[in-house]
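# just to be clear, the model below is a prediction. Sequence and coordinates:
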Amino acid sequence: MELLNESSALLSNYEVYTLLLDIQAGRNGQSKPTKNQTSLATVTYETVKYLEGTSCKHLNAPAVKEFIRHLAPFHLTKAEKLQLLNQRPTTAVEIQLLIEESEERLTETQVYQLLDVVSKYLPDGSLDLSEESDDKIVYGDEGEEEDEQQQEKNEESEERIVKMEQDENNVSVEGQEEVEEAEEEGGSLVMDVTSPVNEDSS
């Protein structure tokens, strides 16, 4: 067999991960490994297990596209973009290791801007590591629904707090009005407990 094109395309860890999940599930035109393909089933399982321990598990297609789009100002090569996507660097030292001649091509400001792009569009899943989500990828639509539900709860809480504050203000205003009315009439709402009460008045 002759290979006509050894490297027709570069695949990120995220793309490999989603492809293997499709193979395991037999979806999107992929076929599940048969009983005679035990080696394929084993390799697929072990690779998925490994990738689940990396940040690619927490990615989705829209986030990856936005990440690549925001890398344009840095003029990186395809291989460097792929490395950033796979490795998700968090320090300037890692940028130096992943980008060739980064000291000459990038200023210190650009390095930290690049780290901000990585942090913004490539979540590491540190806030979503519960046991329930170990075998589940949260894609865009589902994540948006959860955000909307949380936002609704926050809005309801804020409305309750505002209502309580308004009620307190109303009570204070009513009390102040009573005091002012009493002062205008020359009276007082406060009883003078020091004055003796003459019960045997004649």
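Sure thing, it's come through.

# neighbouring contacts of the host helix or strand of Val16?
Element membership of Val16 [criterion: DSSP states H and E] is helix 13-25. Helix 13-25 is contacted by residues 11, 28-33, 44-45, 47-48, 51-52, 54, 56-57, 59, 64, 85-86, 137 when judged by CB atoms under 8 Å, 6 or more residues apart in numbering. Using the backbone N, CA and C atoms, a C-beta is placed for each residue, glycine as well.

# in helices, which of these appear?
By the criterion of DSSP state H, membership of the contacts of helix 13-25 in helices covers 44-45, 47-48, 51, 64, 85-86.

# going through those, which ones are buried?
Among the ones in helices among the contacts of helix 13-25, those that count as buried by neighbour count (16 or more other CB atoms under 10 Å) are 44, 48, 51, 64, 85-86.

# just send the residues you listed back as CSV, with distance to Gln110 and pLDDT too.
As requested, those are exported to CSV (distance: CB to CB, whole Å; pLDDT from 0 to 100):
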residue, distance to Gln110, pLDDT
Thr44, 39, 88
Val48, 35, 91
Leu51, 30, 92
Val64, 21, 92
Leu85, 18, 94
Asn86, 21, 93
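
# Val117: which of those residues is nearest?
In terms of CB to CB, no member of those lies closer to Val117 than Leu85, at 11.0 Å.

# who are the contact partners of the closest residue to that closest one other than its chain neighbours?
Among residues not flanking Leu85 along the chain, Ser12 sits closest, at 4.9 Å (CB to CB, 6 or more residues apart in numbering). Ser12 sits next to 56, 64, 82, 85-86 when contact means CB under 8 Å, 6+ apart.

# run a quick neighbour tally on Phe67.
The tally of other residues near Phe67 (other CB atoms under 10 Å) stands at 19.

# that one reaches Leu122, doesn't it?
Yes: counting by CB atoms under 8 Å, Leu122 is a contact partner of Phe67 at 5.9 Å.

# identify the contacts common to the two.
With CB under 8 Å, 6+ apart, Phe67 and Leu122 have common neighbours Leu85.

# and Gly26, how far is that from Pro33?
For Gly26, the distance to Pro33 equals 9 Å [CB to CB, to the nearest Å].
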